[in-house]
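Student: A predicted structure for the sequence below; I have some questions about it.
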Amino acid sequence: MERVDELIIVIGSAQESHTLSNPFTAGERIEMIRRTLEGNNIDLSTIYFIPIPDILMNSVWVYHVKSFSPNFDLIISRNPLVLRLFKEAKYEILEPPPYDRKIYNSTYIRRLMIENNNEWEKLVPTEVSNYIHEIKGDERLRSIAGLS
Ligand SMILES: Nc1ncnc2c1ncn2[C@@H]1O[C@H](COP(=O)(O)OP(=O)(O)OP(=O)(O)O)[C@@H](O)[C@H]1O
Ligand SMILES: NC(=O)c1ccc[n+]([C@@H]2O[C@H](COP(=O)(O)O)[C@@H](O)[C@H]2O)c1
């Protein structure tokens, strides 16, 4: 928000939920991010959330994103495929540095949840752990994994 006037947060793979890699619906993911921003007193009036389902053709994904989103001129991401596709489409890119990626890593956090190890709670914002408990998201993940 220090660098941009308005921020569009794209919720990717929006069609997915209740899977091991994407246990939460796009709406639940929006709720997590909104609550975290609100909890950190970040003004939400210039932040938009756009859920975007995946498509089978990477070569036209940038156009797909554009068709769901208000206009934008800077891409902020660390996902290699996202960076590649937007670079090819000549967009300006901002790649934030990794922050202790060994533990702040979704695959690791989901594994802790599946193992019923409460250490995951320390790796997400308090607003997110509270919300996941509220919707029994950790139980959902264990049941998808066939463990409860
Ligand atoms: N600690 C971090 N520092 C910087 N960027 C991060 C960090 N954690 C995640 N990211 C970036 O945020 C995005 C989401 O990462 P995240 O680990 O949540 O899920 P993911 O890339 O879908 O991986 P996974 O396959 O583990 O779910 C990625 O583009 C990633 O590079
Ligand atoms: N062909 C496609 O649908 C396509 C291409 C590139 C990225 N994506 C999506 O962009 C998102 C990138 O997410 P992360 O930044 O969390 O890694 C993912 O949801 C991914 O599925 C989709």
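Tutor: Right, received. Where do you want to start? Ligands and ions are numbered 1, 2, ... in the order given.

Student: Glu121 against Ser129, yeah?
Tutor: Yes. Counting by Cβ atoms under 8 Å, Glu121 touches Ser129, with 4.2 Å between them. (Each C-beta comes from the backbone N, C-alpha and C, glycine too.)

Student: any idea how far the residue of the chain found nearest ligand 2 lies from Gly137?
Tutor: Closest contact between the chain and ligand 2, by Cβ to the nearest ligand atom, is at Gly12 (2.3 Å). Going from Gly12 to Gly137 by Cβ to Cβ, to the nearest Å gives 18 Å.

Student: Over to Gly146?
Tutor: On the measure of Cβ to Cβ, Gly146 and Gly137 end up 17 Å apart.

Student: more neighbours, these two?
Tutor: Set Gly146 next to Gly137 and count neighbours by other Cβ atoms under 10 Å: Gly137 wins out with 18 against 8.

Student: got a list of what the more buried one touches?
Tutor: 23-24, 28, 113, 131 (Cβ atoms under 8 Å, 6 or more residues apart in numbering).

Student: go on, Asp5?
Tutor: So Asp5 contacts Thr46 (Cβ under 8 Å, 6+ apart).

Student: In which helix or strand does it reside?
Tutor: Counting by DSSP states H and E, no helix or strand carries Asp5.

Student: For it, give me the pLDDT.
Tutor: Looking at Asp5, its pLDDT is 94.

Student: center of the chain, which residue is that?
Tutor: With distances taken as Cα atoms, centre = their mean, Ile11 lies nearest the centre of the chain, 5.7 Å away.

Student: Am I right that it is in contact with Asp54?
Tutor: No. Counting by Cβ under 8 Å, Ile11 stays clear of Asp54, with 11.3 Å between them.

Student: so Ser17 makes contact with Phe24?
Tutor: Yes. Counting by Cβ under 8 Å, Ser17 does reach Phe24; the two are 6.0 Å apart.

Student: neighbour-wise, which of those two wins?
Tutor: Neighbour totals were compared for Ser17 and Phe24, and Phe24 leads with 21 against 16 (other Cβ under 10 Å).

Student: Three-state assignment for the more buried one, please.
Tutor: coil (DSSP: H, G, I helix; E, B strand; the rest coil).
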